[in-house]
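A.B. asks: Here is the input, now give the coordinates:
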Amino acid sequence: MLSPVAPGHLFALTMATLGRSRTRQIAVRPPCPTRSETPRRRSDDRGRGSGPPSPRKWEEPFAWTRLHVGRHCLRPLALGVVLAALSGAAFAEESAAAGPPNSHPERYGSGWECDWGYREENGTCVAVNIPANAYLTPLGSAWECRRGFRRESRGFGQENDVCIAIHVPAHGYLDMNTYKGWSCEIGYREEGNRCVAIVVPENAHAVYGFHESGWECNLGYREVDGACEAVVVPDNAYPVYEPYGPGWKCMRGYRRDDARCVAVRVPDHAHLTASGDDWKCERGYEEVNASCVKLELPKNAHIDYSGNDWDCNSGYVLQGEQCLLPRSDS
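C.D. replies: Modelled structure (predicted):
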């Protein structure tokens, strides 16, 4: 991006450059011919036929003038045009970057942004009104309340907002993620502006307030009518935290059968599934009558994506139990 340069400075630079070029021109070559100095054809050459005139003395300076104007006299003029264009671009950029008071050009782009401690409002930069117990945010265009205070509006517009102290009740703690700014400790529940103790039944434990009751049964127990009753866990099972269901799950390699867990019989060429309560044939085998039988692939076939069946190769169609080329209509 071009650095802003005053048009006057560019004009002075242009004139100085033209002056140096003019000095060099005078020292090396004669000055550029003017319109009155441009040689013309003599009158005695008129009417001498349509062919080229005979060489005379005026042709040599005329040829030199064309070379001189093309390479020497036009060079300062071209330099002046370029510098004038740069001056116009710099002036346009300076004008675009010029913003209201208490602003500065953007780091990227051609606009402007307010200084730190100011915010934009209707094309101007106004000072950020920081109330008591508040601080400017890192961007410098807004403010936030300090810890232990929360924002409260006292009228229309941000300039009327204030920071008021948060009153934390007994058995509570500051929590800036809540509207009130505080939450109750574990074992207590919020009631109005207080934290009251939670009555935890036997075989239960207190939890944080996102549970309505404030407590939940221990592992191996489940809630029944506000109390915690023991869960009967069968052999080859383990207790789980579940609000519904039996309250237990079978171990891997067993499956639930009513109120007990029975072993899963895995046939040859099979393996347990990820859940652990069922089995699946290995790749290249298919399930037949609770066993795994090797796949018999016809010619021009392959094992499909499941690994337990087959499909015809591309360009072949299934006809019965074979993969054949499609019949031609001709």
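
A.B. asks: Could you use CA atoms for every contact and neighbour count after this?
C.D. replies: Fine.

A.B. asks: Select the helix or strand of this structure having the lowest average pLDDT value.
C.D. replies: helix 59-68 (a mean of 43; mean pLDDT, DSSP states H and E).

A.B. asks: where in the stretch 151-300 of the chain is pLDDT low?
C.D. replies: Applying pLDDT under 70 to the stretch 151-300 of the chain flags residues 157-158, 209-211.

A.B. asks: one more time with 50, if that's ok
C.D. replies: Scanning the stretch 151-300 of the chain for pLDDT under 50 picks out no residues.

A.B. asks: ditto for the stretch 1-150 of the chain
C.D. replies: Counting by pLDDT under 50, the stretch 1-150 of the chain contains low-confidence residues at 1-14, 16-28, 34-39, 41-50, 53-70, 82, 89-93, 95-96.

A.B. asks: One more pass at 70, please.
C.D. replies: Scanning the stretch 1-150 of the chain for pLDDT under 70 picks out 1-97.

A.B. asks: And stretch 248-258, what's buried?
C.D. replies: Judged by neighbour count (16 or more other Cα atoms under 10 Å), stretch 248-258 contains these buried residues: Trp248, Lys249, Cys250, Met251, Arg252, Gly253, Tyr254, Arg255, Arg256.

A.B. asks: For it, which outside residues touch it?
C.D. replies: 231, 233, 236-240, 261-264, 272, 275-278 (Cα atoms under 8 Å, 6 or more residues apart in numbering).

A.B. asks: and what of stretch 192-208?
C.D. replies: With Cα under 8 Å, 6+ apart as the contact definition, stretch 192-208 has outside contacts at 169-172, 184-190, 213-218, 221, 226-228.

A.B. asks: Pull out the buried residues from the contacts of stretch 248-258.
C.D. replies: The neighbour-count criterion (16+ other Cα under 10 Å) marks 231, 233, 236-237, 239-240, 261-264, 272, 277-278 among the contacts of stretch 248-258 as buried.

A.B. asks: Between those residues, which sits nearest Tyr135?
C.D. replies: Looking at those and their distance to Tyr135, the nearest is Val240, at 48.8 Å (Cα to Cα).

A.B. asks: hang on, that closest one packs against Gly247?
C.D. replies: Yes: counting by Cα atoms under 8 Å, a contact exists between Val240 and Gly247, whose distance comes to 5.5 Å.

A.B. asks: Residues in contact with both of these two, list them for me.
C.D. replies: Common contact partners of Val240 and Gly247 (Cα under 8 Å, 6+ apart): Gly220.

A.B. asks: Point out the ones among the contacts of stretch 192-208 that are inside strands.
C.D. replies: Residues of these located in strands (DSSP state E): Gly172, Cys184, Tyr188, Arg189, Glu190, Trp215, Glu216, Cys217, Tyr221, Ala227, Cys228.

A.B. asks: Restricting to C-alpha, output the helix or strand containing Glu152 in PDB.
C.D. replies: Secondary-structure assignment from DSSP states H and E places Glu152 in strand 149-153. Below are the C-alpha coordinates for strand 149-153, written out as PDB (Å, rounded to 0.1, in the frame of the first residue of the first chain):
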ATOM      1  CA  PHE A 149     -20.400  -7.200  39.800                       C
ATOM      2  CA  ARG A 150     -23.000  -7.700  37.100                       C
ATOM      3  CA  ARG A 151     -24.400  -5.400  34.400                       C
ATOM      4  CA  GLU A 152     -27.700  -3.700  34.900                       C
ATOM      5  CA  SER A 153     -29.500  -1.300  32.600                       C
END
